[in-house]
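Q: sequence first, then the predicted structure, then my questions.
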Amino acid sequence: MKRVLGAAAVAAVFAGAGAGAARANELFVGALAHDVGVGISSHAVERGPDIDVGFNSSPVNLFSAIGRPMVYFEYVPNTQGRTSFGAIGFTWRRDLIPGRLYGQIGIGGALHDQATMHQDPDEPGISTAEMEHRLFVEENFKPMGSRFLFHPSLALGVRVTSHWAVEGVWNHFSNAGLGRTNPGMDDFGGRLVFRFGPGRR
């Protein structure tokens, strides 16, 4: 995760520099059901829940050609030791009811902290302990196929005050068929969003 954290720091500075003087950044925290198995991924294998924490920059003027997206950093640790993710990317937000209801779509890249492939538990010469470990991993973890994953997401938000909002969230992680396997993973949940700074979106 060190590479993700370093990239996120660079992205945050870059986003702040491109957003102008009137900035309105956001912090968010929430909880997600992990590997739900309802969506575009394969059946559920892992369990949860996940914590969802992150940062949204103000819209970045430098990227006006693609609609002034926000730059986000998101960390999704699993509370039961299953696969955790760190992600950075772009998020676009549009009002559905001005000042009250908005929709959001994001796309980014993510890294995860587990093995990309399962190891054969019947491999000749391994110890009983190693065999049992490999069986446990096979039964309790998805082989995500590659270390790098794509991270599309959707959110529907309700502004409670000028600084606070609540969102319903769908997160997807997969390698888009570029890895050796691609089971994908879908997380669903909600989060609380705090906007800070003088700017308005």
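A: Perfect, I can see it now.

Q: so L32 belongs to a strand, correct?
A: Yes - membership of L32 in a strand is supported by DSSP: H, G, I helix; E, B strand; the rest coil.

Q: which non-adjacent residue is nearest it?
A: In space, and not counting its chain neighbours, L32 is closest to G189: 3.4 Å by Cβ to Cβ, 6 or more residues apart in numbering. C-betas here are computed from N, CA, C, even on glycine.

Q: how about E132?
A: Spatially, and ignoring its direct neighbours in sequence, E132 is nearest to P121 (8.0 Å; Cβ to Cβ, 6+ apart).

Q: got a list of what I51 touches?
A: V29, G30, A31, L32, V76, P77, T79 (Cβ atoms under 8 Å, 6 or more residues apart in numbering).

Q: please apply the same query to P143.
A: Each residue near P143 by Cβ under 8 Å, 6+ apart is listed here: A115, T116, M117, H118, R180, T181, P183.

Q: including neighbour count, could the contacts of I51 go into TSV?
A: Below are the contacts of I51 laid out as TSV (neighbours: other Cβ atoms under 10 Å):
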residue	neighbour count
V29	12
G30	20
A31	17
L32	22
V76	26
P77	16
T79	13
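
Q: so which of those is the closest to G39?
A: Of all the contacts of I51, L32 has the smallest distance to G39: 12.4 Å, by Cβ to Cβ.

Q: partner residues bridging the closest one?
A: Beta-bridge pairing for L32 (DSSP bridges): D50, G189.

Q: what sits against it?
A: For L32, the contact set (Cβ under 8 Å, 6+ apart) comprises G48, P49, D50, I51, D52, V76, V169, N171, D187, F188, G189.

Q: secondary structure element holding the fifth one?
A: In this structure, D52 sits in strand 50-56 according to DSSP states H and E.

Q: ok, then the element right after that strand?
A: Counting by DSSP H and E, what follows strand 50-56 is strand 70-76.

Q: check what pLDDT E74 gets.
A: On the pLDDT scale, E74 is placed at 98.

Q: since we're on it, how many residues are nearby?
A: When neighbours are counted by other Cβ atoms under 10 Å, E74 registers 26.

Q: who does it form a beta bridge with?
A: Applying DSSP bridges, one finds that E74 bridges with G54, A87.

Q: isn't it right next to N56, touching?
A: No - look at E74 against N56 with Cβ atoms under 8 Å: they stay out of range, at 9.2 Å.

Q: distance of the residue of the chain most remote from its centre from A44?
A: Residue farthest from the centre of the chain, counting by Cα atoms, centre = their mean, is G125 at 39.0 Å. Remark: distance between G125 and A44 (Cβ to Cβ, to the nearest Å) = 33 Å.
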